[in-house]
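Trainee: kindly return the folded structure for what I paste below:
(one chain, ligands or ions: 2)
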Amino acid sequence: MSREQLAVQKAREAFLTGISKPLEYRIKQLKNLKRFITERATDISEALRKDLYKSENATQMFEIIGLEGEINLAVSKLAEWAAPRPVNKNLLTISDDVYIQPEPLGVVLVIGAWNYPIAVTLQPLVGAIAAGNAAVVKPSEVSSHTAKVMELLPHYLDPEMYQVVTGGVPETQELLKQRFDHIFYTGNSTVGKLVMEAAAHHLTPVTLELGGKSPCYIDKNCDIRIACRRITWGKYMNCGQTCIAPDYILCESSIQDQVINEIQKCIQEFYTNDPKSFADYGRIINQRHFKRIMALIEGSSVAIGGDGDESECYIAPTVLRDVKSGSKVMQEEIFGPILPIITVNGLKEAIQFINEREKPLALYIFSSSSKVIKQMISETSSGALLANDCLVHFTISDLPFGGVGNSGTGRYHGKYGFDQLSHLRSCLIKKLNMEGVNRIRYPPHTTEKLRWARVFLLKQVNLARWRQMAQVALLAALAAFVVKGYKGTCIRPEPDGTDITDWFMQSHDVCSQSQVIHTSVQKGACVVMQRYK
Ligand SMILES: NC(=O)c1ccc[n+]([C@@H]2O[C@H](COP(=O)([O-])OP(=O)(O)OC[C@H]3O[C@@H](n4cnc5c(N)ncnc54)[C@H](O)[C@@H]3O)[C@@H](O)[C@H]2O)c1
Ligand SMILES: CCCCCCCCCC=O
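Mentor: Ligands and ions are numbered 1, 2, ... in the order given. Predicted structure coming up:
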């Protein structure tokens, strides 16, 4: 039996014991994961410095804080996320318990990427643990020092339930032959397709957190200085090796020079005149990627930077001007510190340019006009859209993080991660009495039964609204009691109401000669008070 097979087998056996069903167990594991990042902070920082030349503070800021926040959130919200979720019912099921019960899937394979190797490997694990799954974690071999630190995880987590398998492509391929209950992959789209293919063999569901070219449109009606500060930060952070980094700029030719000047100023301000010697400017992960990125510059005209040093995997912050859509740099995700500018004739052409390409992971627009922003939102599609900033949506746990089309499938962060790695089981618990109600669905299917079926099945019962109406009626009754001159209250439906409340109320006599003195917010419910004659 291979190491990979053994790891999956162990994880499955541990899962089948049911040990992860109690929430206390999951919370303990989540807290242990937090202990791992706290106690191993120095090892993690050191590894990331070696892998990507990340400074200790940058590691904390862009890898650890987010992960810590996700752990804290899962610990505090787990009871709520894992609880049964009642749903609206129809009349046929009015007396039944109808709810969604999240349940663990089983064994989840988490395949991480190298660019934020802690965040993109351990954040999915937070969702897997919270949802009660066992997991096999496969860190990227490309960030080899960080992968080594990940091998320490079983000293913190339950070593049977959570397995770490290190290795490269052969090891990942061997893992992919095994049967999992979910595969959560982060990396490029080409390998994403291989993962999906392997998963299809076992009908295993997948989450694919992929990448692609994230466009950035700068409207001429905007504060270009501010826009360029935010874009410079988003582009050159981690030396451009960020899945949601702005890949290229679209703007009108009339503002191109100003954009270049402002970016130039920001590069100097953020990274000094000598980014190569500056502690907070990163390095390309390896020489293969160094050569790939440098080759992308060929054929385009360099406005800023353009130089590199292979021995150090250093590439200067670079801007390319008047880039043609057919140029080399526009044929693949750059994933490095090269920022091409493509000129377009306004918003309409920018939208067309974006829509002619794969749906991006992120789409950025800088504009002072809410009309322009709204048009970009309504006429394009992407995993996320940010107006007037870059990257920060990654920090909001209440936003689903993920791509669409070529940039990925599925989503995570916060409750989305929990749901993504849970099975949302539909439950309906009926009692064995009230058999008479069921007659309408049993043969023979008469016209009379069909008429009743329309009522019983098509009318939605919104219990929350019924409760709200009862409260309003109670308050009104209280008011009628206190305010002299009124003799009573009743609830009256609006004539155009369409739901069951209206249907129900229409069979009741409404107060005659009444005066409406209060209308509840919800359609179909208005409280009527009658005046003394
Ligand atoms: N959407 C996101 O959250 C996110 C985050 C980070 C990176 N990314 C994307 O990831 C890409 C960069 O990462 P990468 O793909 O270079 O990372 P990578 O080379 O580390 O590959 C990712 C994982 O796939 C495995 N792998 C590689 N080749 C394989 C093969 N032939 N068969 C099976 N497994 C294989 C690796 O072992 C690794 O664990 C970029 O496109 C980036 O945009 C996306
Ligand atoms: C404060 C902004 C944090 C941004 C972190 C970006 C992580 C991206 C992961 C994909 O590469």
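
Trainee: centre of the chain to the strand or helix carrying residue 450, how far?
Mentor: Element membership for residue 450, per DSSP states H and E: helix 447-458. Between the centre of helix 447-458 and the centre of its host chain there is 41 Å, according to Cα atoms, centre = their mean, to the nearest Å.

Trainee: let me see the contact set for residue 109.
Mentor: Residue 109 is in contact with 135, 136, 138, 175, 176, 178, 180, 182, 183, 184, counting by Cβ atoms under 8 Å, 6 or more residues apart in numbering. Just so you know, the C-beta spots here come from the backbone N, C-alpha and C atoms, and that holds for glycine as well.

Trainee: pretty sure it is in a strand, no?
Mentor: Yes - counting by DSSP: H, G, I helix; E, B strand; the rest coil, residue 109 is located in a strand.

Trainee: so what's it scoring on pLDDT?
Mentor: The model reports residue 109 with a pLDDT of 98.

Trainee: for the helix holding residue 450, list every residue counted as buried.
Mentor: Applying a neighbour-count criterion of 16 or more other Cβ atoms under 10 Å, one finds 449, 452, 456 buried in helix 447-458.

Trainee: what does stretch 285-294 give?
Mentor: Within stretch 285-294, the residues scored as buried using 16+ other Cβ under 10 Å are 285, 289, 290, 293, 294.

Trainee: and whatever helix or strand the fourth one lives in, what does it pack onto?
Mentor: Taking DSSP H and E as the criterion, residue 293 maps to helix 287-297. Packing contacts for helix 287-297, counted by 3 or more Cβ pairs under 8 Å, 6 or more residues apart in numbering; DSSP states H and E, involve strand 308-309, strand 314-315, strand 338-343.

Trainee: in CSV: those, plus mean pLDDT, distance to ligand 1 and mean neighbour count.
Mentor: Below are these laid out as CSV (pLDDT from 0 to 100; distance: least, Cβ to the nearest ligand atom, whole Å; neighbours: other Cβ atoms under 10 Å):
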stretch, mean pLDDT, distance to ligand 1, mean neighbour count
strand 308-309, 98, 19, 16
strand 314-315, 98, 16, 24
strand 338-343, 98, 15, 24
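
Trainee: distance to residue 228 for those - can I get that in a markdown table?
Mentor: What follows is these, written out as a markdown table (distance: least, Cβ to Cβ, whole Å):
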| stretch | distance to residue 228 |
| --- | --- |
| strand 308-309 | 23 |
| strand 314-315 | 20 |
| strand 338-343 | 10 |
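
Trainee: related to what we said a few turns ago, nearest to residue 13 among the buried residues of helix 447-458?
Mentor: Taking Cβ to Cβ as the measure, residue 456 is the one of the buried residues of helix 447-458 closest to residue 13, at 46.9 Å.

Trainee: gap between residue 72 and ligand 2?
Mentor: Distance of residue 72 to ligand 2, given as Cβ to the nearest ligand atom, to the nearest Å: 17 Å.

Trainee: and ligand 1, is the helix or strand hosting that residue touching that?
Mentor: Per DSSP H and E, residue 72 falls inside helix 65-82. No - remark: helix 65-82 sits outside contact range of ligand 1, by Cβ under 6 Å from any ligand atom, the gap being at least 11.7 Å.

Trainee: okay, now the sheet partners of the helix or strand just after that helix, with direction.
Mentor: Counting by DSSP H and E, the element after helix 65-82 in chain order, helix or strand, is strand 85-86. According to DSSP bridges, strand 85-86 has the following sheet partners: strand 97-104 (antiparallel).

Trainee: residues of the strand it pairs with that come out buried?
Mentor: Within strand 97-104, the residues that qualify as buried are 98, 99, 100, 102, 104, counting by 16+ other Cβ under 10 Å.

Trainee: can you add pLDDT and give these back as TSV?
Mentor: Shown next, in TSV, are these (pLDDT from 0 to 100):
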residue	pLDDT
98	97
99	98
100	98
102	98
104	98
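
Trainee: may I have the helix or strand hosting residue 34 exported as PDB, CA atoms only?
Mentor: Element membership of residue 34, judged by DSSP H and E, is helix 23-39. Backbone C-alpha positions of helix 23-39 (Å, rounded to 0.1, in the frame of the first residue of the first chain) are rendered in PDB as follows:
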ATOM      1  CA  LEU A  23     -18.800  20.100  18.000                       C
ATOM      2  CA  GLU A  24     -16.500  20.200  21.000                       C
ATOM      3  CA  TYR A  25     -14.100  17.900  19.100                       C
ATOM      4  CA  ARG A  26     -14.100  20.200  16.100                       C
ATOM      5  CA  ILE A  27     -13.600  23.300  18.200                       C
ATOM      6  CA  LYS A  28     -10.700  21.700  20.000                       C
ATOM      7  CA  GLN A  29      -9.100  20.900  16.600                       C
ATOM      8  CA  LEU A  30      -9.600  24.500  15.400                       C
ATOM      9  CA  LYS A  31      -8.000  25.800  18.500                       C
ATOM     10  CA  ASN A  32      -5.100  23.400  18.000                       C
ATOM     11  CA  LEU A  33      -4.700  24.700  14.500                       C
ATOM     12  CA  LYS A  34      -4.500  28.200  16.000                       C
ATOM     13  CA  ARG A  35      -1.900  27.000  18.400                       C
ATOM     14  CA  PHE A  36       0.000  25.600  15.500                       C
ATOM     15  CA  ILE A  37       0.200  29.000  13.800                       C
ATOM     16  CA  THR A  38       1.000  30.800  17.000                       C
ATOM     17  CA  GLU A  39       3.600  28.400  18.400                       C
END
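
Trainee: I appreciate the help and will end here.
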